[in-house]
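Trainee: pasting the sequence and the predicted model now:
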Amino acid sequence: MVNSPLHPSRTVFEGARLVATAPGSDTARVRLDGTLLRLGLVTVIFLGGCKAYDALYCDEDRKCTDSTRPFCDLTGAYPASEGIGRTCIPSPFDAGADIADAGSGDASAPHDATGDASVGCRWGRFSRLANVNTRDNESVGSLDAEGLTLYMARYRADGQSDIFVATRSTAAEAFGVPVEVVELRDDELQEYGPDISATDLEIFYASGLGLGPIMTASRETPTSTFSTPVSTDMGGLHPSLSGDGLSMYIVRNETVERRTRSKVGGSWSAPTSILPGDGYQSADVSPDELRLLLTNEDDDAPVLIAERDSVEDDFRSPVPLDADILPGGPYYLEATWNADQTQMIVATPQSGFGLDLFYSTCQ
């Protein structure tokens, strides 16, 4: 039994490929040769005679003898498989394969269905983010206001995770290769779910196992080194700041909570519940706090958007993105968008042993 690099709250039993769901979850999945079953609190992936490092693809399988299609798509997640499991496919990890690399503003055409969860917006089909994904595991953190800087986490072979940053000059270009933010590294903790403030001067991120603590660091200018991280003494996952930096949204016990402070650098209030527990995994708030981008454990609605008319109002019921535009995967761990909510990145298992990042734009 080992800690899973997919997420701090998951555990992998290597022999049977059994993966425990996050604490508090009341659902799980069993995958047997592409068949999905619900089973309680665990996910079990039986790979049979398949030699694989991934929950979706075998890199060696007796039935895949064609050298041009040597991988086996266990679940039908690969686009060319058309939803049919145990299909032989080309390498799903090569650039230019059916799962296309993306990263520019016009990388994906608008989808004809709504796919938007918001008035006047139509999201394009998600495509694999160029230059960022590796055979390690990448999880999303946050985009800066213009969508030109991406903070993310990458999981190491020893199960620990560190924060990386990737940049680009314009939204029409792909991100460059991510580099580690070394001053935030702590070899005794996992760092993940980073959120950068609108000023680029503060960063918050989850650490350790389970529910925190949430750490923070600051810097003098957007290009200088961050200070030594300190604990906020708050627990939770995937912190997300409002545009003024005075509100923070956190997922804790599958519930979206909000905390406030009177000034930047001040103490945070006690949490108030914004969206009660419904299997939420992450929540990314818009700068004006009127929209939330959510992921949850519901297979039928894994990525959603909730809206309200003012900060004093309750959020209306979250509306899911059209499943047809999503890249497919057993779950969606995280999602983030930029300040004007025109660029979105989601993290879902697609290659390697875990998570890859996929990108879409609002048309």
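Mentor: In hand now; what should we look at? Keep in mind that this is a model prediction, so the values were computed, not measured. Residues are numbered from 1 along each chain as shown.

Trainee: so which strand or helix has the nearest residue to residue 302 once chain neighbours are set aside?
Mentor: Of all residues not flanking residue 302 in the chain, residue 332 sits nearest, at 4.2 Å (Cβ to Cβ, 6 or more residues apart in numbering). In this view, the C-beta of every residue, glycine as well, is placed from N, C-alpha and C. When elements are defined using DSSP states H and E, residue 332 is found to belong to no helix and no strand.

Trainee: hang on, isn't residue 332 packed against residue 303?
Mentor: Yes: at 5.5 Å, residue 332 and residue 303 qualify as touching, with contact defined as Cβ atoms under 8 Å.

Trainee: what's the neighbour count on the residue nearest to residue 302?
Mentor: The number of residues packed around residue 332, counting by other Cβ atoms under 10 Å, is 27.

Trainee: quick one, what contacts it?
Mentor: Contact partners of residue 332, counting by Cβ atoms under 8 Å, 6 or more residues apart in numbering, are 281, 295, 302-303, 326, 346-348.

Trainee: in strands, which of those residues fall?
Mentor: Residues of the contacts of residue 332 located in strands (DSSP state E): 281, 295, 303, 346-348.

Trainee: related to what we said a few turns ago, joint contacts of residue 332 and residue 303?
Mentor: 295, 326, 346.

Trainee: bridging residues for the first one?
Mentor: With DSSP bridges as the criterion, the beta-bridge partners of residue 295 are residue 282, residue 303.

Trainee: surely it and residue 305 touch.
Mentor: No: at 10.9 Å, residue 295 does not count as touching residue 305 under the criterion of Cβ under 8 Å.

Trainee: so residue 191 makes contact with residue 217?
Mentor: No: the pair residue 191 and residue 217 does not pass the contact test of Cβ under 8 Å, sitting 10.5 Å apart.

Trainee: anything in contact with each of the two?
Mentor: residue 184.

Trainee: who has more neighbours out of these two?
Mentor: For the pair residue 191 and residue 217, the greater number of neighbours falls to residue 191 (23 against 20), based on other Cβ under 10 Å.

Trainee: distance of that one from residue 154?
Mentor: Spatial separation of residue 191 from residue 154 under the definition Cβ to Cβ, to the nearest Å is 10 Å.

Trainee: what do those two both touch?
Mentor: If you check residue 191 and residue 154 against Cβ under 8 Å, 6+ apart, the residues they both contact are 161-162.

Trainee: span of stretch 249-259 from start to end?
Mentor: Between the opening and closing residues of stretch 249-259 there is a gap of 7 Å (Cα to Cα, to the nearest Å).

Trainee: what's in contact with it?
Mentor: With Cβ under 8 Å, 6+ apart as the criterion, stretch 249-259 contacts 22, 24-25, 211, 214, 234-240, 242, 247-248, 268-285, 292, 294, 296-297.

Trainee: may I see the buried residues of that stretch?
Mentor: Of the residues in stretch 249-259, 249-259 count as buried by neighbour count, 16 or more other Cβ atoms under 10 Å.

Trainee: can you list the low-confidence ranges for this structure?
Mentor: Confidence mapping of the chain against pLDDT under 70 gives the ranges 1-63, 74-85, 92-120, 209-212, 350-353.

Trainee: does residue 324 count as helix, strand or coil?
Mentor: Per DSSP: H, G, I helix; E, B strand; the rest coil, the secondary structure class of residue 324 is helix.

Trainee: residues near it, how many?
Mentor: Counted with other Cβ under 10 Å, the neighbours of residue 324 add up to 12.

Trainee: swap in residue 263?
Mentor: As a burial measure, residue 263 scores 8 neighbours (other Cβ under 10 Å).

Trainee: any idea which element it lies in?
Mentor: With DSSP H and E as criterion, residue 263 is part of no helix or strand.

Trainee: show me what contacts it?
Mentor: Neighbour list for residue 263: residue 246 [criterion: Cβ under 8 Å, 6+ apart].
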